[in-house]
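Chemist: Return a 3D structure for these sequence lines:
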Amino acid sequence: MTTDDVGARLGKNVRHLREARGLTQARIATLAGLPRATWANLESGASNPTLAVLDRVAAAFQVSLEELVASPRSETRLYPRSALPERERGNVTVRKLLPDPIPGMDLDRFELPPRSRMIGVPHTAGTREYLTCERGALVLVAAGERFELSPGDVVAFRGDQRHSYENTGRETAIAYSVVVLAR
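Modeler: Next comes the predicted model:
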């Protein structure tokens, strides 16, 4: 990979990120705290910006520096269910819902048969977890507190403590867990 390739990818990625957000060059340059001419130069693919400029651009888009210079991915891709990792924890099925990892985030689908229970593994200190009940009846126990969830309910809790998930109903329960790891 040559330096020219990186500059061209940077320009293309910056332009696509800006256009996807419906912003003008002038508006995003203002949000990033950069002169509009600097922004236009970035999008041209001919610039060689400093790390400080790249950091401002990434912050304005709320993306990683890596995403600014990464090779373009296909804009759309279908992932069949069989392509997503699935594991059994006791009699509970846990399936990953993010085919491409997002640093610091995990998204899983839980399928709990009637009267089943799964013990959660405490995450890194400062981690937040969000549990959404899609179907059935669930009980979350976190740090000794008990929360009963019905379809549509969400519980936000510290994921760095002891917790468990239980299906108290007579039908299979479906839940989604979003774990935001502490940095």
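Chemist: pretty sure residue 96 contacts residue 105?
Modeler: No - using Cβ atoms under 8 Å, residue 96 is not in contact with residue 105; the gap is 11.4 Å. Every residue, glycine included, has its C-beta placed from N, CA and C.
Chemist: which one of these two has more residues nearby?
Modeler: Taking neighbours as other Cβ atoms under 10 Å, residue 96 and residue 105 compare with residue 96 leading, 15 against 11.
Chemist: Which pLDDT value belongs to the more buried one?
Modeler: If you check residue 96, the pLDDT there is 94.
Chemist: so who does it touch?
Modeler: Applying Cβ atoms under 8 Å, 6 or more residues apart in numbering, one finds that residue 96 lies in contact with 84-86, 106-108.
Chemist: list the contacts for residue 158?
Modeler: Residue 158 touches 127-129, 142-143, counting by Cβ under 8 Å, 6+ apart.
Chemist: What are the phi and psi values at it?
Modeler: phi -70, psi 120 (degrees, to the nearest 10).
Chemist: For it, give its distance to residue 129.
Modeler: 7 Å (Cβ to Cβ, to the nearest Å).
Chemist: Likewise for residue 173?
Modeler: Distance of residue 173 to residue 129, computed by Cβ to Cβ: 17 Å.
Chemist: One more: residue 162?
Modeler: The value you get for residue 162 to residue 129, if Cβ to Cβ is used, is 12 Å.
Chemist: hmm, back to that, and the least confident of the contacts of residue 158?
Modeler: residue 143 (90).
Chemist: Report all helices and strands that the helix ranked longest in the chain contacts.
Modeler: Counting residues, the longest helix found in the chain (DSSP state H) is helix 3-20. If you count contacts as 3 or more Cβ pairs under 8 Å, 6 or more residues apart in numbering; DSSP states H and E, helix 3-20 packs onto helix 36-44, helix 51-61, helix 65-69.
Chemist: Please produce a markdown table containing those helices, extended by distance to residue 180.
Modeler: Conversion of the helices and strands packed on helix 3-20 to a markdown table gives the following (distance: least, Cβ to Cβ, whole Å):
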| stretch | distance to residue 180 |
| --- | --- |
| helix 36-44 | 30 |
| helix 51-61 | 19 |
| helix 65-69 | 18 |
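Chemist: Could you verify my assumption that residue 169 touches residue 133?
Modeler: No - applying Cβ under 8 Å, one finds residue 169 not in contact with residue 133, separated by 10.3 Å.
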